[in-house]
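>>> What follows is a predicted protein model with its sequence.
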Amino acid sequence: MQSRILTTGTLLAATLVLASCKFGGSSSSSSSDGPPQAGQPPNILFVIMDDVGIDQFESFGYGGMKPPSVPSIDALADNGLRFRNAWAMPECSPSRASFMTGLYPMRTNIQQAIGPNDLANSHVSPYVMTVPKVLAAAGYESGLFGKFHLGGPENNPAGIAAPAALGWEHFKGWGGLPASIDTTAGGVGEEGQYSCGFVPHAAQGGAHFGACYIPTGDGGASCSEITGQPGGDSAGLQCLTQGGVLVPEQNCESTPPAYVNFERENAHYVSRLLVNWEDDVQELSLSDPRSRGYRATIEVDTTIDWIKSQPADQPWMATLSFSSAHTPLQHPPRSLVPSGAADILTADCSSAAPLNQRNVMDTMVEALDTELGRLLVETGIASRGDDGSLIYDPAASNTVVVVVGDNGSFGPTVKLGFDPGRAKGTAYQTGVWVPLVVSGPMVEQPSRNVEHMVNVVDLFSFFADVAGVDLEQTVPEGTDAEEMYSYLTEPDRDSVREFNFTQGGLNILANDAVNGPCVFNGNFCSHTPMSAQVCADNNGVWWGQGANVGENGVLKEVDHCWQVNQALYEDQGGDYQPIEMGPTVYMAIRDDEYKLVLNESMDYDIATDSGVLVKTREFYRVDQAVPQPALDGEGDDLLNPEPRLSPAEEQRLAELEYQLELLLASQKACPGDGNGDGVVDQEDIDNHSRLASQWGGSSLYDFNHDGLTDAQDLAIIQANLGACPQ
């Protein structure tokens, strides 16, 4: 494959032209509830689960001692395929970029979850061909609902219109991660008083009843008096689910008490909703009713409304990008957990209650599944039997449904049999091995398990094949995606992939900066969390700028993880106990049986009193055995402490190293080529000119990574004119 990217024209927020939308204003009276049109390509429902690895699913052979109940996903799998050997990237943004571009992270520069300080160089490029742009060639309308996390609004010329810039005609959702839990529950408590973000039952330190104030969006608020349900949700959680703030043990007044605060984010319940819809591009306030309520429910409501608005003769692709079950882990409404798993939850959502966090994770996955089932039924893709079970007939609605996890599970939530120390954020199996379910009218012999290797980049090719788009013509520059459609139609299909690949690392920040150090469990330092807030939400201790110096073992503010060990050495001297450094470059490649893992990190060197680069090379035998797969755990490395390879294994290792070298070498640098078309030319000068004059900030034309698009970058273009012709 070639590593350059197709040009689709320049795009600035100031000149965005949003595609016209049929939602709410179509001249056609028909909708997707009608029968599919003869000869029309299938509709596509793409469902992304956040931080939900394969370890969570009983239907894939795992799930530990207490797997979440997911009857909706199980029904899809029973009528489709379970891909039991699917790899994602180690974190969410790199995987999502791979879904939507068919490119590995080394080509997009999106190596980790995108944060507010990441430059546009580590956002999905507006010049690249994305899935909605590809499907537009076949007449598809595309909508994205829920978590975006592919770039912007910070450091991006398109700002909050980034989804439209990447090709989606319709978007409603959230820019990135859920915010922290509001432990004041909307201002009614002290900081830290309500660790789950709502007033719990009286027996758990909360209240039996209270006044529920809900903002009306015009500066006012409505009020109703709510009582906790025995064996059900507390009055506080009921109120929060409705978008309100509960004032405990009080009756309604004409106005809320002055301390009630509707402008506080609250994890999965209160977030600023972003809208890219027709000519409506806006970020709603936290007091807007549309920004309030359980995220998974809002995400599904919006998806349902959009799907039902589509004319029967209009093929569509709806991407439902769930925020669940990403941290902060927070109780869903009990009505979404029919299994009863919510009955054992406590009101402590802090890291001091790890068992409760695991149980909350289970309920969040179950709630996601419940809401998915509601979407399938309300859009006519499925129906309910007399016993309430989901009845899914893939042919009835002419809809292909794909459900996938974006990376492995968060370490503290990993199920028994997998490795919580090598989970999300690593290139090890627990970090990148994800569930993938594909169902549709073309599936032969449904309820099959596919054991062959697939990669999340392959979904790019799959969606094009479903729509009948010729990728070689539409994206002549090529992608990293391999064909996977034939697995649906050919039950005896041999493996398409000989090798699978995953990678992670650091995104590009201004002037070579990195995210600050975050220390987990007192023994592992990582640059993955993008801020002190995200570090705390993932049970870590922040050592970066703004750290609580002197608390929790923090001795001073530092910029790099290796400086944490330096600080510990300065404090502990001869009793120095170094902590493990998380890798800043990590990747893996595998064949059917063996896996090579490469990690790089900076660590503290006592002799030079500075940082030193540390590289590791690890080789494992892995499989998908049920119920206990062979994983790449500590102690399983066939190269350490001493190599113990047979001649055949030595050959397999050499082949994996060679294939990895070939792959990495395929990414060619082209200084001055901002639009990724593989040549530095007048178009790059013109693009730079528009960006510099209308924006001036971070862009794909910020070649020296200083956060500016200016004369220094223009000089790089001019110095390389005519370079890199493909």
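All right, it came through fine.
>>> which residues sit against stretch 250-261?
184, 186-188, 210-211, 213, 221, 223-225, 245, 247 (C-beta atoms under 8 Å, 6 or more residues apart in numbering). (Each C-beta comes from the backbone N, C-alpha and C, glycine too.)
>>> Return a ChimeraX selection command for the buried portion of the residues you listed.
The buried residues among those can be selected in ChimeraX (16 or more other C-beta atoms under 10 Å) with this line:
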select :184,186,187,188,210,211,213,221,223,245,247
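>>> I'd like the contacts of stretch 250-261 laid out as TSV, including distance to G39 and secondary structure.
Formatted as TSV, the contacts of stretch 250-261 follow (distance: C-beta to C-beta, whole Å; DSSP: H, G, I helix; E, B strand; the rest coil):
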residue	distance to G39	secondary structure
T184	57	coil
G186	53	coil
G187	57	coil
V188	58	coil
G210	57	strand
A211	58	strand
Y213	54	strand
A221	53	strand
C223	55	strand
S224	52	strand
E225	57	strand
V245	53	strand
V247	59	strand
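>>> List just the nearest of the contacts of stretch 250-261 to P435.
For the contacts of stretch 250-261, the residue nearest P435 by C-beta to C-beta is G186; the value is 35.5 Å.
>>> For that closest one, which non-adjacent residue is closest in space?
Residue nearest to G186 in three dimensions, not counting chain neighbours: V245, with 3.2 Å by C-beta to C-beta, 6 or more residues apart in numbering.
>>> residues in contact with the residue nearest to the spatial centre of the chain?
By C-alpha atoms, centre = their mean, the chain has its centre lying nearest to C92, at 3.2 Å. C92 makes contact with D50, D51, A113, K147, H149, H326, D406, N407 under the criterion C-beta under 8 Å, 6+ apart.
>>> Enumerate every residue touching the residue nearest to the fourth one when sequence neighbours are not counted.
It stands for K147. The shortest distance from K147 to any residue other than its chain neighbours is 4.5 Å, reached at S321 (C-beta to C-beta, 6+ apart). Applying C-beta under 8 Å, 6+ apart, we find S321 in contact with I48, D50, R96, L144, F145, G146, K147, F148, G173, E299.
>>> mind checking the end-to-end distance for stretch 160-179?
This stretch, stretch 160-179, spans 17 Å end to end (C-alpha to C-alpha, to the nearest Å).
>>> Can you give me the distance of the residue nearest to K147 to R384?
Counting by C-beta to C-beta, to the nearest Å, the gap from S321 to R384 is 25 Å.
>>> and stretch 405-425, how far from the chain's centre?
14 Å (C-alpha atoms, centre = their mean, to the nearest Å).
>>> Correction: the previous question concerned stretch 535-555.
25 Å.
>>> still on that earlier bit, out of the contacts of S321, which sit inside strands?
If you go by DSSP state E, the contacts of S321 have I48, L144, F145, G146, K147, G173 in strands.
>>> can you tell me how far the fifth one sits from D55?
Think K147. Taken as C-beta to C-beta, the span from K147 to D55 is 21 Å.
>>> before we move on, what about the second one?
Distance, L144 to D55, by C-beta to C-beta: 27 Å.
>>> same question, the fourth one
For G146, the distance to D55 equals 23 Å [C-beta to C-beta].
>>> what's the answer for L286, then?
L286 is 35 Å from D55, by C-beta to C-beta.
>>> Comparing these two, which residue is more hemmed in?
Comparing L286 with D55 by other C-beta atoms under 10 Å, the one with more neighbours is D55, at 28 against 18.
>>> I figured the more buried one hits V414, correct?
Yes: if you go by C-beta atoms under 8 Å, D55 and V414 touch, sitting 5.7 Å apart.
>>> Now for the protein: which helix has the highest residue count?
If you go by DSSP state H, the chain has its longest helix at helix 354-378.
>>> Tell me the first helix or strand C-terminal of that one.
Going down the chain from helix 354-378, the next helix or strand is strand 382-384, by DSSP states H and E.
>>> Give the other helices and strands that that following strand contacts.
Here strand 382-384 touches helix 354-378, strand 390-392, going by 3 or more C-beta pairs under 8 Å, 6 or more residues apart in numbering; DSSP states H and E.
>>> which ones are touching I181?
Per C-beta under 8 Å, 6+ apart, neighbours of I181: S195, C196, G197, N266, A267, P328, Q330, C349, D537.
>>> By neighbours, which of these wins?
C196 (31 neighbours).
>>> before we move on, back to that, only the buried members of the contacts of C92: can you turn that into a ChimeraX selection?
Provided next is the ChimeraX selection string for whichever of these are buried by 16+ other C-beta under 10 Å:
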select :50,51,113,147,149,326,406,407
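>>> Between the contacts of C92, which sits nearest D636?
N407 (21.1 Å).
>>> follow-up on the earlier one: what about the contacts of I181, which are in helices?
Short answer: the contacts of I181 in helices (DSSP H) are D537.
>>> Make a markdown table out of the contacts of I181 and add distance to E483 and pLDDT.
Compiled in a markdown table, these are given as follows (distance: C-beta to C-beta, whole Å; pLDDT from 0 to 100):
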| residue | distance to E483 | pLDDT |
| --- | --- | --- |
| S195 | 48 | 97 |
| C196 | 46 | 98 |
| G197 | 45 | 98 |
| N266 | 44 | 98 |
| A267 | 40 | 98 |
| P328 | 39 | 96 |
| Q330 | 40 | 98 |
| C349 | 44 | 96 |
| D537 | 39 | 91 |
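>>> Need the max-distance pair from the contacts of C92.
K147 and N407 (12.9 Å).
>>> residue farthest from the centroid of this structure?
G574 (42.8 Å).
>>> Now do the same contact list for that one.
By C-beta under 8 Å, 6+ apart, G574 has no neighbours at all.
>>> For it, report the pLDDT, please.
Looking at G574, its pLDDT reads 80.
>>> I'd assumed it was in a helix, is it?
Yes: with DSSP: H, G, I helix; E, B strand; the rest coil as the criterion, G574 is part of a helix.
>>> Sketch out the low-pLDDT regions of the chain for me.
1-38, 551-553, 726 (pLDDT under 70).
>>> try 50
Within the chain, the ranges that satisfy pLDDT under 50 run 1-36.
>>> Tell me how many other residues crowd R374.
By other C-beta under 10 Å, neighbour count at R374 equals 18.
>>> Tell me who's in contact with it.
Contacts of R374 by C-beta under 8 Å, 6+ apart are V300, I304.
>>> Give the residues shared as contacts by D55 and V414.
G408, T430.
>>> Next, count neighbours for A719.
Neighbours of A719 (other C-beta under 10 Å): 11.
>>> any idea how far Q712 is from it?
From A719 to Q712 the distance is 11 Å (C-beta to C-beta).
>>> re earlier: where strands are concerned, which of the contacts of I181 count?
Per DSSP E, the subset of the contacts of I181 in strands is empty.
>>> from the contacts of I181, which is closest to Q429?
D537 (24.9 Å).
>>> OK, contacts around the closest one?
S180, I181, T327, P328.
>>> just E378 next, same as before
By C-beta under 8 Å, 6+ apart, the contact set of E378 is I304, K308.
>>> which element follows the helix or strand in which D305 is found toward the C-terminus?
Element membership for D305, per DSSP H and E: helix 295-309. Using DSSP H and E, the next helix or strand after helix 295-309 towards the C-terminus is strand 316-321.
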